[in-house]
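Asks: I would like the atomic coordinates for the input below:
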Amino acid sequence: MKILSIAMATIALALSSFITNASESTELAELKRELTQIKEQLAKDSAAKEASIKVGGAVRFQYTINDYKDGDKDRGGDFDFDVFRLDFNGTVGDIILSAQYRWYQYMDAIHHAYVAYQFDENLQGQVGITQVPFGNLTYNSNSFFFSTNFYVGLEDDYDAGLSFIGDYDKHDIRIAFFKTDEMGGIDGFVGNKNDRYSYDIVGTRKAGEDLYDTPQQGLADDSTFNLRYAYKFDNFEVGASLLSGDIEGEEGNAGEHNAYALHTKGNIDNFGFMFQYTDYEYDLDDKSDFVTVGAYAFYDTIPASAKIYNLNLSYSVPVEFGPITNLKFYNDYSLMTDKSGGLKEDTLMNVTGVMVTSGNLYTLIDYAMGKNQPFIGGSLAGDSDEINNRLNINFGYYF
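Replies: This next block holds a predicted model:
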């Protein structure tokens with residue numbers, strides 16, 4: 001009996017140990033499963049943090065009536081679809097991504113597309129199709145029509161290359177090198193050289209060509225350097241911009257492109273102001289006084305050299321009127337003088353307008369007066385003394 005009791009006790013002790021070990025094993029397996037789930041969730045959170053892209057965009061419409069087209073006046077103007085665009089902005093790890101593509105009634109075009117890296121809190125580098133750092137940024141204007149600088153490729157222009165943006169306390173320093181325009185330069189593989197958002201040189205004018213003809217000889221910007229510096233005070237900045245590059249022709253180098261600008265902008269309470277003086281020159285080997293530019297699905301002509309003056313004033317008023325939260329009144333003035341080619345008449349444009357903000361709905365109501373000004377019945381290479389007028393209402397929803 002004594003031996004049996006000892007045996008039974010030994011069996012009981014072993015069984016108890018087995019049960020305890022089995023329980024611990026089950027708990028350990030459960031703990032491992034929980035740890036695995038936590039790791040998977042952390043991996044998902046990390047991936048979401050490392051790759052975060054926001055998709056946005058806009059859709060805009062436009063009503064216009066002018067006095068330089070009889071048919072337009074007779075039917076009381078036109079109401080048209082303007083543009084649909086998609087925006088992509090975000091990050092993948094430490095890399096910043098930004099792109100925008102646009103669809104118009106008559107064309108579609110890239111606006112910008114680049115990757116960027118923030119080296120430190122002061123310096124960012126961008127590569128791709130990015131904004132040319134020249135003059136008042138982001139725009140040298142308030143209205144839908146921009147300033148005359150836009151139509152010679154010196155406002156809100158986008159080209160393909162490398163740009164460095166330095167923000168050091170009161171110093172804004174930007175250095176860029178653009179190998180070609182956004183369409184690949186002289187031999188870019190594109191269907192139409194004029195299907196683009198921002199203006200660039202695409203050719204030169206031969207005797208007998210109309211201002212809007214397809215150029216017989218192709219040209220393109222090549223290897224352009226930009227330097228822009230602005231000193232920032234409490235509520236305004238002053239700066240200067242330089243541009244220098246080559247012009248490439250179908251048979252090699254065809255000349256040089258140079259420009260510089262002095263600019264300032266700022267705000268005093270609700271008042272805003274911009275001023276800019278610009279001097280540009282296309283120094284072509286064939287001594288042409290006019291060059292062809294392309295944008296918005298048509299060709300136009302500009303003087304090979306000229307000077308441009310801009311003065312813009314604005315006043316912003318917060319309001320509570322139904323969905324309207326802000327009214328920004330403005331007057332933008334542009335004057336182009338000293339045009340090459342023996343042109344006697346200057347180009348001028350004055351736009352008086354108001355921007356109406358209603359949540360994500362923005363409306364620009366502009367009354368534009370112009371002489372020898374594109375989109376107001378003229379061309380920068382024109383020599384007319386006639387003033388044209390245009391009422392333009394552009395509105396769109398941004399998402």
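Asks: any low-confidence regions in the chain?
Replies: Counting by pLDDT under 70, the chain shows low-confidence ranges at 1-29, 31-32, 34-36, 38-50.
Asks: identify the residue nearest Phe178 in space, chain neighbours excluded?
Replies: Here the nearest residue to Phe178 in space, its sequence neighbours aside, is Gly161; by Cβ to Cβ, 6 or more residues apart in numbering that works out to 3.4 Å. The C-beta positions use only the backbone N, C-alpha and C, and glycine is treated the same way.
Asks: the one you found: which element?
Replies: Gly161 belongs to strand 158-168 when assigned by DSSP states H and E.
Asks: buried ones in that strand?
Replies: In terms of neighbour count (16 or more other Cβ atoms under 10 Å), strand 158-168 has its buried residues at Tyr158, Asp159, Ala160, Gly161, Ser163, Ile165, Gly166.
Asks: that older thread, is it true that the residue nearest to Phe178 touches Asp181?
Replies: No: between Gly161 and Asp181 there is no contact under Cβ atoms under 8 Å: 9.6 Å.
Asks: now do the contacts for Thr180.
Replies: Contact partners of Thr180, counting by Cβ atoms under 8 Å, 6 or more residues apart in numbering, are Asp159, Ala160, Gly161, Ile186, Gly188, Ala220, Asp221, Asp222.
Asks: so what are the sheet partners of the helix or strand harbouring it and their directions?
Replies: Assessed by DSSP H and E, Thr180 sits inside strand 171-181. Strand pairing for strand 171-181, using DSSP bridges, gives strand 158-168 (antiparallel), strand 217-232 (antiparallel).
Asks: walking through this structure, point out its helices one by one.
Replies: In order along the chain, the chain carries the following helices (DSSP state H): 2-50, 70-74.
Asks: still on that earlier bit, any idea how far the strand holding Thr180 is from the middle of the chain?
Replies: Remark: strand 171-181 is offset 14 Å from the chain centroid, using Cα atoms, centre = their mean, to the nearest Å.
Asks: export only the CA atoms of that strand, formatted as CSV.
Replies: Coordinates of each C-alpha in strand 171-181 appear next as CSV, following Å, rounded to 0.1, in the frame of the first residue of the first chain:
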residue,chain,number,x,y,z
HIS,A,171,16.3,85.6,-47.2
ASP,A,172,14.5,83.8,-50.0
ILE,A,173,17.1,82.3,-52.4
ARG,A,174,16.2,80.2,-55.4
ILE,A,175,18.6,78.7,-57.9
ALA,A,176,17.4,76.5,-60.9
PHE,A,177,18.7,74.9,-64.0
PHE,A,178,16.2,73.9,-66.7
LYS,A,179,17.4,71.6,-69.5
THR,A,180,14.3,72.0,-71.7
ASP,A,181,10.8,73.3,-71.6
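Asks: centre of the chain to the strand holding Gly161, how far?
Replies: Averaging C-alpha positions (Cα atoms, centre = their mean) puts strand 158-168 12 Å from its chain's average.
Asks: buried sites along the strand holding Thr180?
Replies: Residues of strand 171-181 classed as buried by neighbour count (16+ other Cβ under 10 Å): Asp172, Ile173, Arg174, Ala176, Phe178, Thr180, Asp181.
Asks: let's have these in TSV, adding distance to Ala109.
Replies: As requested, the buried residues of strand 171-181 are exported to TSV (distance: Cβ to Cβ, whole Å):
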residue	distance to Ala109
Asp172	28
Ile173	30
Arg174	24
Ala176	21
Phe178	17
Thr180	16
Asp181	12
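Asks: out of those residues, what pair is the most spread apart?
Replies: By the measure Cβ to Cβ, Asp172 and Thr180 form the most distant pair in these, at 25.8 Å.
Asks: show me the two of the buried residues of strand 158-168 that sit farthest apart.
Replies: The largest separation in the buried residues of strand 158-168, counting by Cβ to Cβ, is between Ala160 and Gly166 at 21.1 Å.
Asks: contacts for the strand holding Gly161?
Replies: Strand 158-168 is touched from outside by 110-112, 122-133, 172-182, 184, 197-198, 200, 221, 224, 226, with contacts defined as Cβ under 8 Å, 6+ apart.
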